[in-house]
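Q: Quick one, what's the 3D model for this:
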Amino acid sequence: MPTHNRGHLIAETIESICRQTFADWELAIVDDGSDDDTEKIVHEIQDERIRFYKAGRTGIGGKIKNIGLQKTSGELIAFIDSDDLWADTKLEKQVAALEQYPAAGFCITGGYNFRESGVPEDYFYKQQEGEKLGSVFIPIFRSEIAVFTQALLFRRSCLERTGNFMEEGSFSDVDFIIKLAYHFKAVVLYQPLVYRRLHNENYITVNWDKSYYESIELINRYRKKKMISSAVSQNAHFKLYINFGEKCLLYQHKRMAFINFLKAWKHKPHDIVAYKKIMKTLVHFFR
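A: Now for the predicted structure:
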């Protein structure tokens, strides 16, 4: 669990781990230079399975996770952000899935976003039950798979192929899951077992524009390596431009929204979605 100044939320997150029906776990909390009461809150929780490490302030999510990898020894590895929650059976069901499918290197679950505990705002997947075994590498670029480390459980042995998290840029989580998906099959459990808290301090909220440019770089990197086809790359760019255009409208950047919807249309000139978005933006311009 990487954390930074989450003293007001971390206890609830830890409680969701302590309630796991699969009890054979160890929790390494790696603190990224908090200056609030995070450490005090953690030490007040009496559980010998929990350990707290100070990393100093790095601001690099991949580095903090790599420290956590070094501090743990389990053959299965999971992550949770210090403001999110797990369903009580999250680990139990994922461990069972990997036992059932030994050919899979990792397991990911469904989940939902929330602002008020117990009140879902939107789900990761429309499908909320069932499971699937297979490659999710291309489906990730098609935006068919939610790439959240909070929903991930993988075999430590996979690190021999993927390496650790990259320690530059903010897209280390996505990059790591893509590397897992390139090398290994996955079990997807569609049941919502992860609850992702939305608030104004979320990285994706604070760095909404930076994430856009890093997404473009990631897609281009895999295309240059010929790990994805031009068609997959084109479709990934299309969805990225559409999604970023919507965010631009949300933050009242109408000109940038129009530019991105236009980019999407150029990638797929016969797609009615991009056309509708362009018309929607023009309506915003003249309000």
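Q: Only C-alpha atoms from now on, for both contacts and neighbour counts.
A: OK.
Q: element containing residue 108?
A: Using DSSP states H and E, residue 108 sits in strand 104-116.
Q: what element comes up after that strand heading to the C-terminus?
A: Next along from strand 104-116, by DSSP H and E: strand 119-123.
Q: other SSEs contacting that following strand?
A: If you count contacts as 3 or more CA pairs under 8 Å, 6 or more residues apart in numbering; DSSP states H and E, strand 119-123 packs onto strand 104-116.
Q: ok, back up a step: report the angle between the axes of the strand holding residue 108 and strand 119-123?
A: Relative orientation of strand 104-116 versus strand 119-123 (axes from the mean of the first three to the mean of the last three CA atoms, to 10 degrees): 130 degrees.
Q: in its sheet, what does strand 104-116 sit against?
A: strand 119-123 (antiparallel), strand 152-155 (antiparallel), strand 185-197 (parallel) (DSSP bridges).
Q: so which of these comes closest to residue 242?
A: With respect to residue 242, and counting by CA to CA, the nearest of those is strand 119-123 at 18.4 Å.
Q: could you give the mean pLDDT of the closest one?
A: For strand 119-123, mean pLDDT rounds to 94.
Q: Likewise for stretch 146-162?
A: 97.
Q: and what of stretch 233-251?
A: Stretch 233-251 comes out at a mean pLDDT of 91.
Q: same deal with stretch 98-113?
A: 98.
Q: residues in contact with it?
A: Residues from elsewhere that reach stretch 98-113 (CA atoms under 8 Å, 6 or more residues apart in numbering): 94, 97, 120-125, 128, 133-134, 146, 151-155, 158, 180, 184-198.
Q: Show me which of those residues are buried.
A: Buried by 16 or more other CA atoms under 10 Å: 94, 97, 123-125, 128, 146, 151-155, 158, 180, 184-198, out of those.
Q: which residue is nearest the centroid of this structure?
A: Residue closest to the average C-alpha location in the chain (CA atoms, centre = their mean): residue 148, at 2.0 Å.
Q: Now do the buried residues in the strand holding residue 108.
A: Taking 16+ other CA under 10 Å as the criterion, strand 104-116 shows 104, 105, 106, 107, 108, 109, 110, 111, 112, 113, 114 as buried.
Q: Looking at the strands paired with strand 104-116, which is nearest to residue 85?
A: By CA to CA (comparing all of these), the closest turns out to be strand 185-197, at 5.0 Å.
Q: How far does that closest one sit from its chain's centre?
A: 11 Å (CA atoms, centre = their mean, to the nearest Å).
Q: Checking residue 11 next. Helix, strand or coil?
A: What DSSP: H, G, I helix; E, B strand; the rest coil gives for residue 11 is helix.
Q: got TSV for the strands paired with strand 104-116, with distance to residue 64 too?
A: Converted to TSV, the strands paired with strand 104-116 look like this (distance: least, CA to CA, whole Å):
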stretch	distance to residue 64
strand 119-123	28
strand 152-155	17
strand 185-197	19
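Q: Quick one: find the helix or strand in the chain with the lowest mean pLDDT.
A: Across the helices and strands of the chain, the lowest-confidence element by mean pLDDT, DSSP states H and E is helix 203-206, at a mean of 54.
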